[in-house]
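Colleague: Just a sequence and a predicted model for now, questions to come.
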2 protein chains.
Amino acid sequence: MTDVIKAVIDAINKAESIVLSSHISPEGDAIGSVLGLALSLKKMGKKVSVINSDPVPEFLSFLPGKDMIALSGRLGAAHDLWIVLDCEPARTGMKDYDNPPVGKVVNIDHHITNPRTADICWVDPEAAAAGEMVYDLLVAMDAPVDKDIATNLYTSIFTDTGSFRYSNTDEESLVKAGRLLSYGVNTWEISEHVYETKSYPRMKLLGLVLSGLERSGDGRLAWVSVYEKYYAETGTSAEDTDGFINYPRAVKDVEVALLFRETGDGRIKVSFRSKGRVNVSSLAESLGGGGHPNAAGATLTGAMEEVRGIVVQKVSALIDKALSGAA
Amino acid sequence: MTDVIKAVIDAINKAESIVLSSHISPEGDAIGSVLGLALSLKKMGKKVSVINSDPVPEFLSFLPGKDMIALSGRLGAAHDLWIVLDCEPARTGMKDYDNPPVGKVVNIDHHITNPRTADICWVDPEAAAAGEMVYDLLVAMDAPVDKDIATNLYTSIFTDTGSFRYSNTDEESLVKAGRLLSYGVNTWEISEHVYETKSYPRMKLLGLVLSGLERSGDGRLAWVSVYEKYYAETGTSAEDTDGFINYPRAVKDVEVALLFRETGDGRIKVSFRSKGRVNVSSLAESLGGGGHPNAAGATLTGAMEEVRGIVVQKVSALIDKALSGAA
């Protein structure tokens, strides 16, 4: 057991009332890690509350314990301990995050970018999910784990690894996910909620968008375009395009995928995704945007065709340059 | 260790030359289990050949050892032992399957329907994949496992559980998959080959098909239709529609999904998929087809609109009946 885990356990043992939070726009790991820990602490006899600034997304509303989550933009009342999961305190959206009414702040996160501002910072970038760290913690402190707790922690790992498809999947995450199943977790129920509850209008929008799939002559660049008029045709909105860029990226031989989206105010939002061999972040930056090597974005002024022409040319040149040695 | 595993190990130990086969139209588990075992037997010093009747699909051509696979419709030459994986001997497509030129036949399979015709039949329906059984076998006989062998066996489990999304995912399959990763398996490379190498024409066809997504008034039935003309428009063929039925099935509130496909000879092939609460097999049978409770099919004579009208009405009534108590 590392010193920082010991310090986290010590802080929990000394606290009577504990409040937990995760980040704005929560996904599976945010909700799963916070509820998994909250339910176990409650079973240990602690006074536990969960305060998040954004509601639980509908596809996660099956998670046991979700009614524990109160919605607020402030921690408000005093607690002995504030545990922040899957993000730094600032990203909880709590207005009183930098002067919280608590005795101590513990931060449990797996993002390497965590600025380590909390009193006790346990940051493990090797962990596939914050929920995996919570599982380690519960095992280390011999805390209660039951089917409800395991369902939350399994959902954390399952969603943050993209059902074990992403490169953060490793021996640890698979074996721990397996151990969690032994508590009676219904894997198919979780799969169904996470992957089989797409909205009907969104699916029709996906059809329209994919019908317009295009690619470069050499097949290494593929892109889709989302026009404003599509939303009215299908009863959708911009948020429904979330994840669409994965489809052109999934095409064979594609190195970089692009999604062009009309914003409704004369601009085009461009998303860039790379399969890993081409770094797209500096190009996005040079266009006034930013991001990571494999996932970046920028917003350009102009009409769809014009912006697409410019960006496709620039990205094609970038791919040529990046892979010139590899061909 | 069970008696049947002991018998399998004994047969392997006594054999000098071993031939392995898997089923026609092989997928990840067929190829992964056969190559995983073949590579380990080879390392043990056995004379090993692999004979399959169908070639390795392109998305699996990255699997180490794939050049060991010879294509033939007969076993031909004599061997001490024939090991059949992930199917019964008849499904290997070998014309000499019921009188093979071998000393003994060992059958390793996880399908409950296996008729157990081989000399030694190890059938474990609890296993998520034949590759999982091969891993158990290698551990039981303390046989060599290296990165290449582990990559094959991991791919078996990964693909047969739908990247751990299907209900056959359990503690055993996750923990064993995790153990296999410890041999240096590149999970992202496998994910990329399995899930990120879709053909460009197929993706455009998917767009066309999804644009025409329809559903019943109560949203419990959704369907897509594939017209012959789509193939010419996108440069695809009927095989490219494989898996398309998963998209209407993934829509929220859908209990049963249908795919209607023009066959080009005045008939319509109908595929049925249920999320589990409605049994579609007897309806498919009553239409001259068949299948399993959650996955069935039938081919009807008639034009698209006519067949669709009839089938949609019948399935809607079936859903009403099946869920009348649950509403």
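Modeller: Arrived safely, thanks for sending. Numbers count the residues shown, from 1 in each chain, chains lettered A, B, ... in the order given.
Colleague: which helix is the longest one in chain A?
Modeller: helix A:304-323 (DSSP state H).
Colleague: Mind listing what's buried along that helix?
Modeller: A:Val307, A:Arg308, A:Val311, A:Val312, A:Val315, A:Ser316, A:Leu318, A:Ile319, A:Ala322 (16 or more other Cβ atoms under 10 Å in any protein chain shown). Any C-beta I mention is one placed from the backbone N, CA and C, and that applies to glycine too.
Colleague: Spell out whether it and chain B are in contact.
Modeller: No - Helix A:304-323 stays clear of chain B (Cβ under 8 Å from any Cβ of the partner chain), getting no nearer than 15.6 Å.
Colleague: where do the strands sit along the stretch 151-300 of chain A?
Modeller: Taking DSSP state E, counting those that start in this stretch, the strands of the stretch 151-300 of chain A run over residues A:214-215, A:221-226, A:256-262, A:267-274, A:290-291, A:295-301.
Colleague: What average pLDDT does the longest helix of chain A get?
Modeller: Confidence over helix A:304-323 (mean pLDDT, whole number) is 97.
Colleague: Taking strand A:256-262 as reference, get the angle to that helix.
Modeller: 160 degrees (axes from the mean of the first three to the mean of the last three Cα atoms, to 10 degrees).
Colleague: can you pull the buried residues of the one helix or strand A:Val134 maps to?
Modeller: In this structure, A:Val134 sits in helix A:130-140 according to DSSP states H and E. Using 16+ other Cβ under 10 Å as the test for burial, helix A:130-140 gives A:Ala130, A:Gly131, A:Glu132, A:Met133, A:Val134, A:Tyr135, A:Asp136, A:Leu137, A:Leu138.
Colleague: Export only the CA atoms of it, formatted as CSV.
Modeller: The C-alpha atoms that make up helix A:130-140 are tabulated as CSV, following Å, rounded to 0.1, in the frame of the first residue of the first chain:
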residue,chain,number,x,y,z
ALA,A,130,-11.2,6.5,-11.2
GLY,A,131,-13.6,3.6,-10.4
GLU,A,132,-10.6,1.2,-10.6
MET,A,133,-8.8,3.3,-8.0
VAL,A,134,-11.9,3.2,-5.8
TYR,A,135,-11.9,-0.6,-6.0
ASP,A,136,-8.2,-0.6,-5.0
LEU,A,137,-9.1,1.7,-2.1
LEU,A,138,-12.0,-0.5,-0.9
VAL,A,139,-9.8,-3.6,-1.1
ALA,A,140,-6.9,-1.8,0.8
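Colleague: Spatially nearest residue to A:Arg165, not counting backbone neighbours?
Modeller: B:Ser191 (4.3 Å; Cβ to Cβ, 6 or more residues apart in numbering or on different chains).
Colleague: is chain B contacted by stretch A:123-143?
Modeller: No - taking Cβ under 8 Å from any Cβ as the criterion, stretch A:123-143 and chain B are apart, separated by no less than 10.8 Å.
Colleague: and what of stretch A:245-261?
Modeller: Yes - counting by Cβ under 8 Å from any Cβ, chain B is contacted by stretch A:245-261 at A:Tyr247, A:Pro248, A:Arg249, A:Ala250, A:Val251, A:Lys252.
Colleague: So for that stretch, mean pLDDT?
Modeller: On average, stretch A:245-261 scores 96.
Colleague: what's the span of it, first residue to last?
Modeller: Length of stretch A:245-261, first residue to last, Cα to Cα, to the nearest Å: 11 Å.
Colleague: distance between that stretch and the chain's centre?
Modeller: Relative to the mean C-alpha coordinate of its chain, stretch A:245-261 is positioned 20 Å out (Cα atoms, centre = their mean, to the nearest Å).
Colleague: With stretch A:297-311 instead?
Modeller: With Cα atoms, centre = their mean, you get 27 Å for stretch A:297-311.
Colleague: Give me the residues contacting that stretch.
Modeller: A:223, A:225, A:227, A:258, A:260, A:262-263, A:266-272, A:284-285, A:287-291 (Cβ atoms under 8 Å, 6 or more residues apart in numbering or on different chains).
Colleague: quick one: pLDDT of the closest residue to A:Lys252 other than its chain neighbours?
Modeller: Counting by Cβ to Cβ, 6+ apart, A:Lys252 lies nearest to B:Thr197, which is 4.2 Å off, once chain neighbours are set aside. With respect to pLDDT, B:Thr197 scores 89.
Colleague: Do a quick rundown of the helices in the stretch 101-250 of chain A.
Modeller: A:130-140, A:147-160, A:171-181, A:187-195, A:200-211, A:228-234, A:246-249 (DSSP state H, counting those that start in this stretch).
Colleague: ranking the ones you listed by burial, who's on top?
Modeller: Among the helices of the stretch 101-250 of chain A, helix A:147-160 has the highest mean neighbour count (mean count of other Cβ atoms under 10 Å in any protein chain shown), at a mean of 27.
Colleague: So what angle separates the directions of that one and helix A:130-140?
Modeller: Using the same axes, to 10 degrees, helix A:147-160 lies at 140 degrees relative to helix A:130-140.
Colleague: which helices and strands sit right next to helix A:147-160?
Modeller: helix A:28-43, helix A:130-140, helix A:171-181, helix A:187-195 (3 or more Cβ pairs under 8 Å, 6 or more residues apart in numbering or on different chains; DSSP states H and E).
Colleague: Mind listing what's buried along the first one?
Modeller: Going back to what we said before, that points to helix A:28-43. So helix A:28-43, judged by 16+ other Cβ under 10 Å, has buried residues A:28-42.
Colleague: Domains in chain A, by residue range?
Modeller: Domain ranges of chain A: A:3-195, A:200-323, per automatic domain parsing.
Colleague: is it true that A:Tyr97 touches A:Asn107?
Modeller: No - using Cβ atoms under 8 Å as the test, A:Tyr97 is too far from A:Asn107 to be in contact (11.0 Å).
Colleague: Identify the contacts common to these two.
Modeller: A:Pro89.
Colleague: tell me which parts of the stretch 51-200 of chain A are close to chain B?
Modeller: So far as Cβ under 8 Å from any Cβ goes, the stretch 51-200 of chain A lies against chain B at A:158, A:163-167, A:169-175, A:177-179, A:181-182, A:187-188, A:191-192, A:195-200.
Colleague: switch to 6 Å and redo it
Modeller: By Cβ under 6 Å from any Cβ of the partner chain, the part of the stretch 51-200 of chain A that sits against chain B consists of A:163-165, A:167, A:169-171, A:174-175, A:177-178, A:181-182, A:187-188, A:191, A:196-200.
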